[in-house]
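Engineer: sequence and computational prediction follow.
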Amino acid sequence: MTTSSHEELLRVALRDLREGRGVVAHRLPEVAAAVDDPETRQAFQRLIAQATQEMETLAEMLRNPEGEPNLWAGGILDDAGRDVASTAAGPVRDTALIGAIRKFLAADIVSLETAICLSQHEGDAKSAALEALRQNASALDHLLRGQLRRLTGQAPDRAAD
């Protein structure tokens, strides 16, 4: 199928966002179990819970359970799995995993911003809910940025607060 309207592209974006959360909900628990740092593990568990809840929100918006696999989220979780397998347990592995999950969050934030603009263009009521999802992702990214700085011995980034 060729997407030819903003309305169709919004549906594609929403399906992609939903499927990305499915990847996180199903694959991140194994990665989270490999994290040594309790605060980082808790942040990953928060992302799993958010992804599960947000998957339902997006499914309600779509009213359609079908979707294509999310390749970018799957690739990022593949990368995290390689980090688990190839990096010694401890702060170095935790740092690598934070980097992988922040890549997911960055892509997710950009995808949400696109969906928000499409929703607003269509005069659609979904933009407020999508903005809440974007804020959740941004807050978690901010938290993980702080964990990254802590694990690498950096001072907290006051400019980014």
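Structural biologist: In hand now; what should we look at?

Engineer: contacts and neighbour counts: CA atoms only from here.
Structural biologist: Will do.

Engineer: got a list of what Lys103 touches?
Structural biologist: Ile76 (Cα atoms under 8 Å, 6 or more residues apart in numbering).

Engineer: could you redo the last one with a cut-off of 10 Å?
Structural biologist: Lys103 makes contacts with 72-73, 76-77, 97, 109, 141, as judged by Cα atoms under 10 Å, 6 or more residues apart in numbering.

Engineer: any idea of the pLDDT on it?
Structural biologist: The score at Lys103 is 96. That number is its pLDDT.

Engineer: that one in helix, strand or coil?
Structural biologist: helix (DSSP: H, G, I helix; E, B strand; the rest coil).

Engineer: roughly how far does it sit from Ala129?
Structural biologist: 22 Å (Cα to Cα, to the nearest Å).

Engineer: return the residues in contact with the residue most central in space within the chain.
Structural biologist: The centroid of the chain falls nearest to Leu105 when counting by Cα atoms, centre = their mean (4.0 Å). Listed by Cα under 10 Å, 6+ apart, the contact set of Leu105 reads 47, 73, 99, 111, 134, 136-141.

Engineer: out of the residues you listed, which are buried?
Structural biologist: Neighbour-count burial (16 or more other Cα atoms under 10 Å) is assigned, among these, to 47, 73, 99, 111, 134, 136-138, 140-141.

Engineer: so which of those belong to helices?
Structural biologist: Counting by DSSP state H, the buried ones among the contacts of Leu105 place 47, 73, 99, 111, 134, 136-138, 140-141 in helices.

Engineer: could you dump those to JSON lines with distance to Arg18?
Structural biologist: Formatted as JSON lines, these follow (distance: Cα to Cα, whole Å):
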{"residue": "Leu47", "distance to Arg18": "14"}
{"residue": "Ala73", "distance to Arg18": "11"}
{"residue": "Gly99", "distance to Arg18": "22"}
{"residue": "Ser111", "distance to Arg18": "11"}
{"residue": "Arg134", "distance to Arg18": "13"}
{"residue": "Asn136", "distance to Arg18": "15"}
{"residue": "Ala137", "distance to Arg18": "14"}
{"residue": "Ser138", "distance to Arg18": "17"}
{"residue": "Leu140", "distance to Arg18": "18"}
{"residue": "Asp141", "distance to Arg18": "19"}
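
Engineer: thank you kindly, that will do.
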